[in-house]
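Asker: what's the 3D shape of this:
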Amino acid sequence: MRFGVVAKVDKKEAVVTAKKVVDFLSKKAEVVVEEKLGKKIGRKGLTLKKMKADIMVTVGGDGTILRTLQSCDVPVFGINAGAVGFLTEAKPDDMVNGLNRLLKKNYIIDKRIKLKVMLNKKQLYDCTNEAVIHTAHIAKMRSFEIFIDGKTVEDIRADGVIVATPTGSTCYAMSAGSPILDPRVDAFVIAPIAPFKLSARPIVVPAKSRVTIRIGEGSCLLVLDGQYEKKIGKNDTVSFTVSNIPARFVRFDHDFYKRIREGLIL
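Answerer: Modelled structure (predicted):
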């Protein structure tokens, strides 16, 4: 079995923990590390896209997991060493137990739908959490036309629009008033950000739908999973459908609501 190890290298705790992961797994399996991490721990590494592994072990927060999923189509096991760890499965103090379960293949794979994103018919990165279209200038609203399967749903002025998967419904979309979607529900949620319209509310649509957003006047930013950013503007069209490639997480149980209780409810 071959493991890949990725870490949030600008955080000392994550690098220290990642080195422990590499040292532990190297005794019992083949290990490859990301180039950035390799430079920190004195080990040869590869870029994410060149890392071939059966399981990717990430040490950091949700951002580290999302960055990994944009480049690697393999299951991800997250160890939390970041500010937000809702998508992670283990904490540093329980790391050894978790890694032993990986080696014994004592785990389950949690598959989650992803968003396929097209900008003016050109495919960009898939999203595990959400795509955000946001005004490029603070306090300047933009106009957005929203279509579902070619039919007009909204024509609004707002700071932006979020299109999220069930996984992303617990993130930025939730802050914008979105309901939390059980990951077993094949659906997307469309959530306006600070809309200048009382009737504009988040909408849940089937994942088989095609969601299209056309930009009115003014410049905006398209941000995918907080990792990829692109400037867009007037008459640009962004379309969203379900991706053929799911996100896969290594889990030790399927208790989504326990994760909600422990991770989101203070």
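Asker: ok, and the helix or strand in this structure with the lowest average confidence?
Answerer: helix 256-263 (a mean of 83; mean pLDDT, DSSP states H and E).
Asker: Which stretches in the protein count as helices?
Answerer: 12-26, 35-41, 62-71, 95-103, 172-175, 256-263 (DSSP state H).
Asker: got the contact list for the shortest one?
Answerer: Contacting residues not belonging to helix 172-175 are listed as 129-130, 132, 162, 164, 180, 189, 191, 202, 264 [Cβ atoms under 8 Å, 6 or more residues apart in numbering]. C-betas here are computed from N, CA, C, even on glycine.
Asker: Check the residues you listed against residue 237 and report the nearest one.
Answerer: residue 132 (16.0 Å; Cβ to Cβ).
Asker: Give me the neighbour count for the closest one.
Answerer: Burial of residue 132 is recorded as 25 neighbouring residues (other Cβ atoms under 10 Å).
Asker: returning to what we had before: would you single out the least confident of the helices of the chain?
Answerer: If you rank these by mean pLDDT, helix 256-263 sits at the bottom with a mean of 83.
Asker: Centre of the chain to that helix, how far?
Answerer: For helix 256-263, the separation from the chain centroid amounts to 18 Å (computed by Cα atoms, centre = their mean, to the nearest Å).
Asker: next one: stretch 29-37
Answerer: For stretch 29-37, the distance to the chain centre is 22 Å (Cα atoms, centre = their mean).
Asker: buried stuff in it?
Answerer: 29, 31-37 (16 or more other Cβ atoms under 10 Å).
Asker: Which one of the residues you listed is nearest to residue 114?
Answerer: Looking across the buried residues of stretch 29-37 and measuring by Cβ to Cβ, the closest to residue 114 is residue 34, at 21.2 Å.
Asker: Tell me the bridge partners for the closest one.
Answerer: residue 46 (DSSP bridges).
Asker: need the helices of the chain in a markdown table with distance to residue 232, can you?
Answerer: Formatted as a markdown table, the helices of the chain follow (distance: least, Cβ to Cβ, whole Å):
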| stretch | distance to residue 232 |
| --- | --- |
| helix 12-26 | 33 |
| helix 35-41 | 29 |
| helix 62-71 | 19 |
| helix 95-103 | 40 |
| helix 172-175 | 18 |
| helix 256-263 | 32 |
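Asker: Could you identify which of these is most buried?
Answerer: Stretch with highest mean neighbour count among the helices of the chain: helix 62-71 (a mean of 23; mean count of other Cβ atoms under 10 Å).
Asker: Tell me how far it lies from the chain's centre.
Answerer: Using Cα atoms, centre = their mean, the offset of helix 62-71 from its chain centre is 6 Å.
Asker: ditto for stretch 88-102
Answerer: Centre to centre, stretch against its chain (Cα atoms, centre = their mean), the figure for stretch 88-102 is 21 Å.
Asker: any low-confidence regions in this protein?
Answerer: Of all residues in the chain, those with pLDDT under 70 make up the ranges 82-83, 265-266.
Asker: what residues go with each domain of it?
Answerer: For the chain, automatic domain parsing gives the domain ranges 2-112+246-263, 115-242.
Asker: gap between residue 61 and residue 14?
Answerer: Distance of residue 61 to residue 14, computed by Cβ to Cβ, to the nearest Å: 9 Å.
Asker: Would you agree residue 81 is in contact with residue 62?
Answerer: No. Applying Cβ atoms under 8 Å as the test, residue 81 and residue 62 come out as separate, 11.4 Å apart.
Asker: Strands of the stretch 51-200 of the chain, residue ranges please.
Answerer: Ranges of strands within the stretch 51-200 of the chain are 55-60, 76-80, 108-112, 115-119, 122-123, 130-135, 142-148, 151-158, 160-164, 187-193, based on DSSP state E, counting those that start in this stretch.
Asker: gap between residue 94 and residue 262?
Answerer: Residue 94 is 13 Å from residue 262, by Cβ to Cβ.
Asker: Same question for residue 19.
Answerer: In this view, residue 19 and residue 262 are 27 Å apart by Cβ to Cβ.
Asker: related to what we said a few turns ago, which residues does the least confident helix or strand of the chain contact?
Answerer: 85-86, 170, 180, 182-183.
Asker: cool, stretch 143-150 as well?
Answerer: By Cβ under 8 Å, 6+ apart, the list of residues contacting stretch 143-150 reads 133, 152-158, 160-161, 190, 192, 203, 205, 209-218.
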